[in-house]
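Asks: following is a predicted model, sequence given first.
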Amino acid sequence: MTQRRLKVGVTRKLPQAVEARLSALFDVTLNDADSPVSPEGLIALARENDVLAPTLGDALSADFFNECGDRLKLIANFGAGVDHIDIAAANAHGVTVTNTPSVLAEDAADMAMALILAAPRRLVEGVKALEAGDFKGWSPTWMLGRRVRGKKLGVIGLGRVGEAVARRARAFGLSIHYHNRRPINPHIEDELGATFWPSLDEMLPRMDIVSVNCPATAQTRHLLSRKRLALMQPHAYVVNISRGEIIDEEALADAIEAGKLAGAGLDVFENEPKPNQRLLAARNVVLLPHMASATIESRIEMGERVIINIKMFADGHKPPDRIILGLD
Ligand code: DGY
């Protein structure tokens, strides 16, 4: 007897190789338009499929799970962050949720490192000055930034991506500090020469650059609050490739405009896709449009993880990248 092929609904356009493999294995509904599916469209897709493969931006709230019917059994998220999915509501409805960890960590860390360099070294400002015809020849005092080597990097969330950022930063001569709920494996801590700060409030005033690498959760929303940003030194920079919501963006804009922070490098915003206009206008802020993991290699490997998770599930096994509440 042939097994019924699982029905899989994909919410966004994926790399061609990933769509081809998904189509070979499952009965797939693809989204050729590559525009976000409406909330009603998501519910309709969920009702017709055993598996949904969404991405960030597809808000799968408790309301969604109340409406999605009984057919949906697996959400195989295309992406590491699952802050757009109400995991507790999914589990309560008997829906397993998986993500694509690890495969994008190195590419994302490259972009964090690029921002750690770009903000203090005024990279984008330099490009803009040249494009605007403002380069009048080399000058001993023009375009002076801040040296990176020898500075202290404070990583908030030394997980997969945070560790990859720390390794790069160490190679650039920064000393590594981190704030986590718990210290990391002592061997890795030794290898990185990393200092653990149980208190974020005590770490912040001592750092030259702070890199946000923790996931967005109810607990990390505005973790870098107005009060905490005020603890930082005026020559310090903030870098964020995780999620915009972790920083109080208005407070960050206030601090930068008032000269209480030297600048920022941000790949993510609180209200994507709309960047904060004050941050966009600030000369000492480098903004990127959420592209830290945007390499073709990373996207294909993300697709591979989605397929592996669905395939394991289809074969009656526990998918490897299950999100289990309470684990971090
Ligand atoms: C993710 O996977 O959550 C990333 O933000 C995508 O770049």
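Replies: Sure, I can see it.
Asks: in the longest helix along the chain, which residues are buried?
Replies: In the chain, with assignment by DSSP state H, the single longest helix is helix 296-314. Neighbour-count burial for helix 296-314, with 16 or more other C-beta atoms under 10 Å as criterion, is recorded at 298-303, 305-314. C-beta: built from backbone N, CA, C; applies to glycine.
Asks: who's in contact with it?
Replies: Contact partners of helix 296-314, identified using C-beta atoms under 8 Å, 6 or more residues apart in numbering, comprise 6, 8, 14-15, 17-18, 21-22, 25-26, 51, 53, 73-74, 76-79, 96, 98-101, 103-104, 107, 293, 318-321.
Asks: how about the residues of the stretch 201-328 of the chain by the ligand?
Replies: Residues of the stretch 201-328 of the chain lying near the ligand by C-beta under 6 Å from any ligand atom: Ala292, Ser293.
Asks: all helices for the stretch 201-328 of the chain, in order.
Replies: 226-229, 249-257, 277-281, 296-314 (DSSP state H, counting those that start in this stretch).
Asks: could you dump those helices into CSV with mean pLDDT added?
Replies: Shown next, in CSV, are those (pLDDT from 0 to 100):
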stretch, mean pLDDT
helix 226-229, 98
helix 249-257, 98
helix 277-281, 97
helix 296-314, 98
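Asks: now the ones you listed in a markdown table, with distance to His84?
Replies: Listed next are these as a markdown table, based on distance: least, C-beta to C-beta, whole Å:
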| stretch | distance to His84 |
| --- | --- |
| helix 226-229 | 25 |
| helix 249-257 | 18 |
| helix 277-281 | 22 |
| helix 296-314 | 15 |
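Asks: of all these, which one is nearest Arg149?
Replies: helix 249-257 (23.6 Å; C-beta to C-beta).
Asks: which secondary structure elements does the closest one contact?
Replies: helix 226-229, strand 263-266, helix 277-281 (3 or more C-beta pairs under 8 Å, 6 or more residues apart in numbering; DSSP states H and E).
Asks: by proximity to the ligand, which residue of the stretch 101-250 of the chain wins?
Replies: Of all residues in the stretch 101-250 of the chain, Leu104 sits closest to the ligand, at 5.7 Å by C-beta to the nearest ligand atom.
Asks: right, and that residue touches Met291 too?
Replies: No - using C-beta atoms under 8 Å, Leu104 makes no contact with Met291, being 11.4 Å away.
Asks: ok, and the closest non-adjacent residue to the spatially most central residue of the chain?
Replies: The C-alpha lying nearest the average C-alpha coordinate of the chain belongs to Ser242 (C-alpha atoms, centre = their mean; 3.2 Å). Nearest residue to Ser242, sequence neighbours excluded (C-beta to C-beta, 6 or more residues apart in numbering): Val212, at 5.0 Å.
Asks: likewise Ala236?
Replies: Nearest residue to Ala236 in three dimensions, chain neighbours excluded: Asp208, at 5.5 Å (C-beta to C-beta, 6+ apart).
Asks: need the contact list for that neighbour.
Replies: So, once contact is read as C-beta under 8 Å, 6+ apart, Asp208 ends up touching Arg146, Lys151, Lys152, Leu153, Gln233, His235, Ala236, Tyr237.
Asks: buried among the contacts of helix 296-314? Make that a PyMOL selection.
Replies: Filtering these down to the buried ones (16+ other C-beta under 10 Å) takes a single PyMOL command:
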select buried, resi 6+8+14+15+18+21+22+26+51+53+74+76+77+78+79+96+98+99+100+101+103+104+107+293+319+321
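Asks: so which of the contacts of helix 296-314 are in strands?
Replies: Counted as lying in strands by DSSP state E, out of these, are Val8, Val51, Ala53, Leu74, Ala76, Thr96, Thr98.
Asks: helix/strand/coil for Ala112?
Replies: helix (DSSP: H, G, I helix; E, B strand; the rest coil).
Asks: residues near it, how many?
Replies: When counting by other C-beta atoms under 10 Å, one arrives at 28 neighbours for Ala112.
Asks: doesn't Val165 make contact with it?
Replies: Yes - between Ala112 and Val165 there is a contact at 4.5 Å, judged by C-beta under 8 Å.
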